[in-house]
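In: coords please:
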Amino acid sequence: MIPNIFHFVYIKERPWKLHHYLSVKSAVVRSGAEKVIIWVDEEPKGKYWDKTKKIVEVQKIKPPTEIFGKPITQPAHKSDVIRLQVLIEYGGIYADTDVIVMKPFTGLLDNNFVMGQQGVGGNEGLCPATMLSEKNSTFAKTWLAGFKDTFEGGPPGSPTWCTHSVNLPAYLANTMQEHITLANHEAFFWPLYHQEHVEVLFEKDYNFPNAYSHHLWESSGKKYLDEMTEDKIKTENTTFTKAVRDLL
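Out: Residues are numbered from 1 along each chain as shown. Now for the predicted structure:
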């Protein structure tokens with residue numbers, strides 16, 4: 001059984017923006033979780049962080065600098081380690097800070113570990129931006145131990161950027177089927193990060209009734225998110241603005 005608590009991880013690499021606040025608030029309002037925790041190395045500054053702090057439990061954490069003797073330099077890779085460590089120790093629901101929760105996860109809690117397919121049929125692997133885990137999950141512990149052979153710490157876009165975080169869990173899901181439940185591609189990660197999908201999020205107006213959450217793909221959607229304002233959310237009708245308007 002997965003505990004009904006929600007976790008975010010934030011490594012201070014960029015400002016805390018409007019969409020980060022909306023991500024956390026969506027979990028507070030919609031996830032059905034008993035509490036929402038954000039694990040941070042250093043608190044960011046600004047009005048949206050001030051608003052966030054009021055609605056969540058903030059826990060300080062020291063990011064890892066290495067794993068199995070291999071240096072960790074990318075903030076995203078530090079988060080990859082922390083999220084698994086937190087889920088192993090506490091269990092619960094994890095989401096990246098560019099995930100918008102759409103409805104409660106309570107229907108998924110009666111499992112050992114849950115991940116969502118990235119792409120139709122999981123043809124792009126399993127994405128770690130939203131996942132659920134019981135405490136001391138066998139799958140989570142095996143995954144983290146697998147970093148010894150798969151983690152190379154490459155920069156974004158490199159061949160080793162996601163070998164440990166996307167490809168490894170997809171492989172393990174085939175060999176440890178009794179320890180993981182796979183949600184289909186519509187559950188957490190649809191639309192995807194491809195340009196035409198990002199446009200569906202930020203330029204067009206679609207409804208996705210099967211989505212527990214939407215990943216905003218912060219890197220792919222950067223130009224939209226950097227220019228996002230509360231006024232745009234109130235006045236423009238897009239998949240994203242309509243998904244978050246009530247959270248302002």
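
In: residues contacting the nearest residue to residue 188 once chain neighbours are set aside?
Out: Closest residue to residue 188 apart from its sequence neighbours, by Cβ to Cβ, 6 or more residues apart in numbering: residue 116 at 3.5 Å. C-beta: built from backbone N, CA, C; applies to glycine. Residues near residue 116 by Cβ atoms under 8 Å, 6 or more residues apart in numbering: 126, 127, 130, 131, 182, 183, 184, 185, 187, 188, 189.

In: likewise for residue 188?
Out: By Cβ under 8 Å, 6+ apart, the contact set of residue 188 is 99, 116, 127, 129, 130, 211, 212, 213, 215.

In: out of those residues, name the ones that lie in helices.
Out: Counting by DSSP state H, the contacts of residue 188 place none of their members in helices.

In: excluding covalently adjacent residues, which one is nearest to residue 228?
Out: That would be residue 18: by Cβ to Cβ, 6+ apart, it lies 5.6 Å from residue 228.

In: which of the contacts of residue 116 fall in strands?
Out: 126, 127, 130, 131, 182, 183 (DSSP state E).

In: as TSV, these with neighbour count would be great.
Out: TSV is the format used below for the ones in strands among the contacts of residue 116 (neighbours: other Cβ atoms under 10 Å):
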residue	neighbour count
126	25
127	26
130	23
131	25
182	17
183	22
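
In: which among those gets closest to residue 92?
Out: Nearest to residue 92 among these: residue 131, at 9.9 Å, using Cβ to Cβ.

In: gap between the longest helix seen in the chain and the chain center?
Out: For the chain, the helix with the greatest residue count under DSSP H is helix 75-90. Here helix 75-90 is found 11 Å from its chain centre; the criterion is Cα atoms, centre = their mean, to the nearest Å.
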